[in-house]
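1. coordinates only, sequence not included:
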């Protein structure tokens, strides 16, 4: 039989004996309503939610609309296009929340906003740069001593409109909500200090209570004071269509989206597998730095000593160089972990996560990266998914089975505690 595995914007077929196929896991199929009708109903306040137009009418200055960058699947352009009749006539500025990523180029801006909205709001679109000290304002620090630097446009604005999507996140618990602002439009020093908390074992997938990363982010939001925030939080299906949307108060809308995200993205398994194929579909295949999330989720379903195969185009190469420099300078995963102790730099949390996975099993990869780069990250390169799967089956023996995790960047396997 053949399995179609995501690759870039298409798929590649993989032939496998049915007896060797453990399972094929995709994001759960859910009923998707008409996106425009759903959002218009919510934004009009027809369900009792706060209405967008009422929020805009009460604004006392420019409303800053914060959207995700091109590394996230958030359909910001579609949402803005649906909202456009309500937005017309109001003083708006758009800010791309890049976090620590580089500002988007013209092609990526079109990917974020869509061609029509990009052209319509051309002179009002700005991109955050976490390293531009002249555009940052210090607003305090958290109880963990994290200095909070914020984009000047956000610091000076009284009214914010946030558009985000919510999925499980491997150390913040969940994406969305507060992440539009922190790390989305925070200074580099803030992002680095907060992400260092990801080294704590309590910073984990699906975890909120007791998660130091999440709790630190909530403290940052509290430092914003009395800013008015209108939040649009979206949960997507596996085809990046809007499954549910939640609007109004930032915390309330985000918590409601988290509930739906948990139902949609978490998949319960009765066992772990010898071989896991973890695919990072477009646009989550942005680079190796982002594709690490697919490895992280795939590892949850992997037996100790198993083979974890990353499938990701890595269209933009390695990504943040800091984690790669650390890994490429070490000869073993343990050496990576030892190097991080007392010497944290943003990106090292990714290296630590990869090192932990490498200590549990083998990491193999089918990517667009040079073979030497993959090997430096303790990932064995393969030219095709078929060759990687065939080699893994030969390596693990005649009883080994393969789990295909088709949207591994956002699908979280939850294995029964009794599983071996």
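-> Received the coordinates, thanks. Everything quoted here is computed from the prediction, not taken from an experiment.
2. which strand in this protein runs the most residues?
-> strand 302-312 (DSSP state E).
3. quick one, strands of the stretch 151-300 of the chain?
-> 159-165, 168-169, 173-174, 228-236, 242-248, 266-269, 273-279 (DSSP state E, counting those that start in this stretch).
4. out of the ones you listed, which one sits most buried?
-> Counting by mean count of other CB atoms under 10 Å, strand 273-279 has the highest mean neighbour count of the strands of the stretch 151-300 of the chain, with a mean of 28. To be clear about C-beta, it is placed using only N, CA and C from the backbone, and glycine gets the same treatment.
5. quick one: work out the angle between that one and strand 302-312.
-> Inter-element angle recorded for strand 273-279 and strand 302-312: 20 degrees (by axes from the mean of the first three to the mean of the last three CA atoms, to 10 degrees).
6. which strands and helices sit next to strand 273-279?
-> In terms of contacts (3 or more CB pairs under 8 Å, 6 or more residues apart in numbering; DSSP states H and E), strand 273-279 is packed against strand 2-7, strand 21-25, helix 288-299, strand 302-312, helix 385-396, strand 402-405.
7. so where's the stretch 101-250 of the chain uncertain?
-> Within the stretch 101-250 of the chain, not a single segment meets pLDDT under 70.
8. try 90 this time
-> 102, 236-243 (pLDDT under 90).
9. select the longest helix from this structure.
-> With secondary structure taken from DSSP state H, the chain has its longest helix at helix 250-265.
10. tell me how far it lies from the chain's centre.
-> 15 Å (CA atoms, centre = their mean, to the nearest Å).
11. strands of the stretch 1-150 of the chain, start to end?
-> 2-7, 10-15, 21-25, 63-68, 92-97, 125-127, 136-141, 147-151.
12. so which of these gets nearest residue 273?
-> strand 21-25 (4.9 Å; CB to CB).
13. ok, now which ones touch residue 378?
-> 327, 333, 354-355, 358, 363 (CB atoms under 8 Å, 6 or more residues apart in numbering).
14. looking at this, residue 342 is in a strand?
-> No - per DSSP: H, G, I helix; E, B strand; the rest coil, residue 342 lies outside any strand segment and is coil.
15. next one: phi and psi at it?
-> phi 80, psi 10 (degrees, to the nearest 10).
16. any idea how far it is from residue 57?
-> To residue 57, residue 342 is 53 Å away according to CB to CB, to the nearest Å.
17. so these two - more neighbours on which side?
-> The residue with more neighbours, out of residue 342 and residue 57, is residue 57; 9 against 6, by other CB atoms under 10 Å.
18. neighbours of residue 11, how many?
-> Residue 11: 15 neighbours (other CB under 10 Å).
19. likewise for residue 216?
-> So residue 216, with other CB under 10 Å, has 25 neighbours.
20. packing partners of the longest strand of the chain?
-> strand 2-7, strand 273-279, helix 288-299, helix 348-360, strand 362-367, helix 385-396.
21. most tightly packed of the ones you listed?
-> strand 273-279 (a mean of 28).
22. so how far is that strand off the chain centroid?
-> Between the centre of strand 273-279 and the centre of its chain there are 20 Å (CA atoms, centre = their mean).
23. ok, that strand: who's next to it in the sheet?
-> For strand 273-279, the pairing partners within the sheet under DSSP bridges are strand 302-312 (parallel), strand 402-405 (parallel).
24. hmm, back to that, buried ones in the longest strand of the chain?
-> 302-303, 306-312 (16 or more other CB atoms under 10 Å).
25. list the buried residues in whatever helix or strand comes next after that strand.
-> Once the chain leaves strand 302-312, the next helix or strand it forms, by DSSP states H and E, is helix 321-328. Across helix 321-328, burial judged by 16+ other CB under 10 Å covers 322-328.
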